[in-house]
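>>> only geometry, no sequence info:
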């Protein structure tokens with residue numbers, strides 16, 4: 001099943017359509033790398049390496065994949081180019097699979113998620129889609145508009161909250177973000193909300209300032225819910241390729257990121273960046289966005305993701 005009971009077949013269709021640009025680039029590059037070859041020699045490995053790097057997998061992660069592939073070739077002897085795809089699928093899937101984490105722990109009430117990420121990555125939209133799907137599944141949701149430095153952020157969240165039918169807590173522009181977070185959690189506890197989504201400012205120019213601000217928000221939330229936040233979710237724009245990886249590294253330095261939501265994977269052929277980010281930062285992906293519709297924000301399934309990458313379109 002997909003997110004909140006969505007049928008697996010429907011979820012798979014959305015995934016395949018959303019990853020079509022990445023798949024057509026990724027699969028085609030790998031196929032060209034081994035075309036006409038009968039054995040896996042140094043030239044084939046170099047071709048595959050180039051294909052992975054140009055698919056935004058990243059240099060460090062590509063080197064690990066090639067090293068593992070080379071060891072499999074040497075150990076199993078009989079691997080020919082006809083089996084390279086199968087081996088690559090296995091190795092990439094192993095790289096993406098992380099210890100199973102709950103998407104939401106509803107035993108914690110309210111379950112508090114602090115959303116971080118730079119402006120323009122789809123942070124507001126992701127919050128709205130999560131809220132909408134939770135609401136449709138019967139959960140009570142509250143949104144905290146703690147990105148008080150950008151008027152449009154509050155306005156957009158307000159629109160999503162109304163669309164989803166969930167409550168939003170907001171203050172005037174320029175208000176203290178920690179104060180908004182405090183008010184949101186206080187209201188959520190009083191009203192028995194199941195999930196709280198706290199938006200935060202998407203600024204990365206000053207890492208020290210960002211770190212201080214996020215730490216302050218966390219500390220203030222703990223005054224209301226001692227173990228909050230239960231998840232610090234970083235939203236990344238998958239269509240930006242290696243820029244998304246740079247942002248992931250910077251935010252990981254500024255705060256303890258515990259999960260990822262990677263958006264806009266339908267917008268470009270740069271979806272390979274998911275592999276590099278997960279491998280190098282060791283942070284699990286909880287959601288991927290493969291389209292504009294609410295139900296096209298999906299829970300991440302490593303096996304389904306890799307299967308889609310390696311499925312040749314007719």
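Nice, thanks for sending it over. This one's a predicted model, so the numbers in the text were calculated from it and none came from an experiment.
>>> now the strands for the stretch 101-250 of the chain?
111-116, 141-145, 167-169, 195-199, 231-237 (DSSP state E, counting those that start in this stretch).
>>> Adjacent strands (with direction) for the fourth one?
Strand 195-199 pairs in its sheet with strand 111-116 (parallel), strand 141-145 (parallel), by DSSP bridges.
>>> so which of the strands of the stretch 101-250 of the chain comes closest to residue 84?
Closest approach to residue 84 among the strands of the stretch 101-250 of the chain is made by strand 231-237 (29.3 Å; Cβ to Cβ). (C-beta placed from N, C-alpha, C; glycine too.)
>>> what's in contact with that closest one?
Residues outside strand 231-237 that contact it (Cβ atoms under 8 Å, 6 or more residues apart in numbering): 111-117, 120-123, 126, 243-244, 247-248, 251-252, 255-264, 277, 283, 286.
>>> what do you get for stretch 289-298?
Contacts of stretch 289-298 (Cβ under 8 Å, 6+ apart): 2-3, 6, 10-11, 14-15, 17-19, 122, 125-126, 128-130, 132-133, 238, 261-266, 287-288.
>>> Now the phi/psi pair for the closest residue to residue 214 other than its chain neighbours, please.
Excluding the flanking residues, the one nearest residue 214 by Cβ to Cβ, 6 or more residues apart in numbering is residue 255, at 4.5 Å. Dihedral pair for residue 255: phi -160, psi 170, per degrees, to the nearest 10.
>>> ok, now which ones touch residue 255?
Contact partners of residue 255, counting by Cβ under 8 Å, 6+ apart, are 116, 210-211, 214-215, 218, 232.
>>> Now neighbour count too, for those, in a markdown table please.
Listed next are these as a markdown table, based on neighbours: other Cβ atoms under 10 Å:
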| residue | neighbour count |
| --- | --- |
| 116 | 24 |
| 210 | 22 |
| 211 | 14 |
| 214 | 22 |
| 215 | 14 |
| 218 | 19 |
| 232 | 22 |
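>>> can I see the domain layout of this protein?
For the chain, the structural domains run 3-96, 111-301, going by automatic domain parsing.
>>> Do a quick rundown of the helices in this structure.
Under the criterion DSSP state H, helices of the chain are mapped to 8-18, 20-34, 42-53, 59-76, 84-96, 123-136, 151-164, 177-191, 207-222, 242-254, 273-281, 302-309.
>>> what helices or strands is the shortest one leaning on?
Looking back up the chat, that one is helix 302-309. Under the contact definition 3 or more Cβ pairs under 8 Å, 6 or more residues apart in numbering; DSSP states H and E, helix 302-309 sits against helix 8-18, helix 20-34, helix 84-96.
>>> okay, these in TSV with mean neighbour count and distance to residue 176 next?
As requested, those are exported to TSV (neighbours: other Cβ atoms under 10 Å; distance: least, Cβ to Cβ, whole Å):
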stretch	mean neighbour count	distance to residue 176
helix 8-18	16	38
helix 20-34	19	41
helix 84-96	18	39
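>>> picking that back up, which among the contacts of stretch 289-298 count as buried?
Buried members of these, counted by 16 or more other Cβ atoms under 10 Å: 2-3, 6, 11, 14-15, 18-19, 122, 125-126, 128-130, 132-133, 238, 261-266, 287-288.
>>> picking that back up, which one of the contacts of residue 255 sits closest to residue 300?
Nearest to residue 300 among the contacts of residue 255: residue 232, at 16.6 Å, using Cβ to Cβ.
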